[in-house]
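*Asks:* Turn this into a structure:
(one chain, ligands or ions: 1)
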Amino acid sequence: MRTATCAAPTNIAVVKYWGKADAALNTPLNSSVSVTLDAALLAATTTVASNPGFSATRLWLNGEECPVPNRALSVLSALRAIAPDQSLARQHVHIVSENSFPTAAGLASSAAGYACLVKALAELWGIKEQFPGQLSVVARMGSGSASRSLQGGFVRWNKGEREDGSDSLAEQIASEAHWPELCAVVCVVSDQAKDTSSTSGMQTTAATSELLRYRTRHVVPERVERMEAAYLARDFATFAKLTMQDSNQFHATCLDTYPPIMYLSDVSRAIIRLVHRFNGDGVRAAYTFDAGPNAVLFLERQHLQELLSLLLHCFPSSTGVHVKTTLPVDAVAKAPRGWEDVAIVRDCVKMFYVSGVGGGATVLPPEQSLMDEATGQPLRVSHRSSSLQPWMVGASAVAVVSAAAFAVWKR
Ligand code: DP6
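*Replies:* Predicted coordinates for the structure are as follows:
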């Protein structure tokens, strides 16, 4: 049996993709840009195996076997077409994939999942890109945002002009080393699968929202340029303001959809108010929300401890520690002077992840394989429990994980 194992990070769009130009090719109505987060915190890990003896292509997500979604089949056939060794690429594959974070709750889990699948299959079949961004074109077929998760740092996914979608690809604008002070706090407001998937939500928005039409034509092209310039100049105030405005406009297009789509919750809105109050007359932090109620807050390291302490003060947990970080920061709750009146909302933010800007998808050594080479199936059940979050205990936790596992890879 041949195997390859890869990890891919999640990414957070600061100018959002919402709406498809061509649903079959999965090309977008507008270009988008994102920041890659640290794969040590928020990543998908995937092992792919091929063996002449496999009788079918099979997939296990977070330990459970699932039907192989059509989008994964499209990814497989696009990669098969460019594989150098056709007899190897014709063999069936077994795919074992795990997520280190709650799936399908607006945390770009499909981005990490499909980027990881593409990276792992390319490694398994010895595929080298014939032009920069070729693998991102394939990842895009799995999930649009996955095109941006192959690379680290600051990444732009170009809308593209060609009819066949071959130039709708991602390119790195700045590496993960470019802005070391930039960091993100992911506030997990919900670990439940979202109500309206991004795929169906954006189709309804594209069909019904005048505001989306205006946004894609008149707002996004210039905003992408300004965002890139701000990122390259490490101009936090401009980067942050554009990030908040773009998130707000994206959610406005969701409300302008008929019937409306509402991804933000009361807790999301409380976080928005908190950030504006924290900013006062300046701009020290920015929020952004994808297709779910979870907030991602961008800020520079100098303000991280103060903001995290404030968040822990306002959103305490009865079940203890709920911070995971790759940056040195203390999980102490504290409100600065003048914040004595702030509302405390208990047990509504389930987890905080604190991350720097991360690198792209990577090949992992064979010791990190998720595959039992004797059976061609997931290595061991106990391995799965490591991906369970601390708040997931008892029977309901298992239900959350398995329902979400099903939702992460789009059909
Ligand atoms: C709000 O990439 O999940 O996160 O291409 O249909 O799989 P599909 O959509 P998906 O949409 C992500 C939408 C978003 C914004 C973004 O990441 O740009």
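*Asks:* okay, CA-based contacts and neighbour counts for the rest of this
*Replies:* OK.
*Asks:* now the protein, which segments are flagged as low pLDDT?
*Replies:* 102-108, 191-194, 321, 381-411 (pLDDT under 70).
*Asks:* The longest helix anywhere in the chain vs the ligand: in contact?
*Replies:* Of all segments of type helix in the chain, defined using DSSP state H, the longest is helix 236-255. No - using Cα under 6 Å from any ligand atom, helix 236-255 stays clear of the ligand, coming no nearer than 7.8 Å.
*Asks:* Repeat that for stretch 196-210.
*Replies:* Yes - judged by Cα under 6 Å from any ligand atom, stretch 196-210 comes into contact with the ligand through Ser198, Thr199.
*Asks:* Convert the C-alpha atoms of that stretch to PDB, please.
*Replies:* Listed in PDB are the C-alpha atoms of stretch 196-210, where the atom choice follows Å, rounded to 0.1, in the frame of the first residue of the first chain:
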ATOM      1  CA  THR A 196     -27.900  27.200   5.700                       C
ATOM      2  CA  SER A 197     -24.800  25.800   4.000                       C
ATOM      3  CA  SER A 198     -22.700  28.400   2.300                       C
ATOM      4  CA  THR A 199     -23.200  26.700  -1.000                       C
ATOM      5  CA  SER A 200     -27.000  26.900  -1.000                       C
ATOM      6  CA  GLY A 201     -27.000  30.300   0.900                       C
ATOM      7  CA  MET A 202     -24.900  32.000  -1.700                       C
ATOM      8  CA  GLN A 203     -27.000  30.600  -4.600                       C
ATOM      9  CA  THR A 204     -30.100  32.100  -3.000                       C
ATOM     10  CA  THR A 205     -28.300  35.400  -2.400                       C
ATOM     11  CA  ALA A 206     -27.100  35.500  -6.000                       C
ATOM     12  CA  ALA A 207     -30.600  34.800  -7.300                       C
ATOM     13  CA  THR A 208     -32.400  37.400  -5.100                       C
ATOM     14  CA  SER A 209     -30.100  40.100  -3.800                       C
ATOM     15  CA  GLU A 210     -29.600  43.400  -5.600                       C
END
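*Asks:* residue ranges for the helices of the stretch 51-200 of the chain, please.
*Replies:* Taking DSSP state H, counting those that start in this stretch as the test, the helices found in the stretch 51-200 of the chain are 70-82, 86-89, 109-125, 134-142, 198-208.
*Asks:* mind giving me JSON lines with those helices and columns for distance to Asn30 and mean neighbour count?
*Replies:* Output for these, formatted as JSON lines (distance: least, Cα to Cα, whole Å; neighbours: other Cα atoms under 10 Å):
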{"stretch": "helix 70-82", "distance to Asn30": "21", "mean neighbour count": "18"}
{"stretch": "helix 86-89", "distance to Asn30": "34", "mean neighbour count": "15"}
{"stretch": "helix 109-125", "distance to Asn30": "17", "mean neighbour count": "27"}
{"stretch": "helix 134-142", "distance to Asn30": "14", "mean neighbour count": "27"}
{"stretch": "helix 198-208", "distance to Asn30": "12", "mean neighbour count": "18"}
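*Asks:* With distance to Tyr287 as added columns, please give the ones you listed in JSON lines.
*Replies:* JSON lines is the format used below for the helices of the stretch 51-200 of the chain (distance: least, Cα to Cα, whole Å):
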{"stretch": "helix 70-82", "distance to Tyr287": "31"}
{"stretch": "helix 86-89", "distance to Tyr287": "43"}
{"stretch": "helix 109-125", "distance to Tyr287": "19"}
{"stretch": "helix 134-142", "distance to Tyr287": "25"}
{"stretch": "helix 198-208", "distance to Tyr287": "19"}
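*Asks:* and of those, who's closest to Ile261?
*Replies:* helix 198-208 (7.2 Å; Cα to Cα).
*Asks:* how far is the closest one from where the chain is centred?
*Replies:* 19 Å (Cα atoms, centre = their mean, to the nearest Å).
*Asks:* And stretch 362-381, by the same measure?
*Replies:* That offset, for stretch 362-381, works out to 23 Å (Cα atoms, centre = their mean).
*Asks:* who's in contact with that stretch?
*Replies:* 1, 3-8, 46-49, 60, 63, 94, 96-97, 119-120, 123 (Cα atoms under 8 Å, 6 or more residues apart in numbering).
*Asks:* go with 7 Å
*Replies:* If you take Cα atoms under 7 Å, 6 or more residues apart in numbering as the criterion, stretch 362-381 is touched by Thr5, Cys6, Ala7, Ala8, Thr47, Gly63, His94, Val96.
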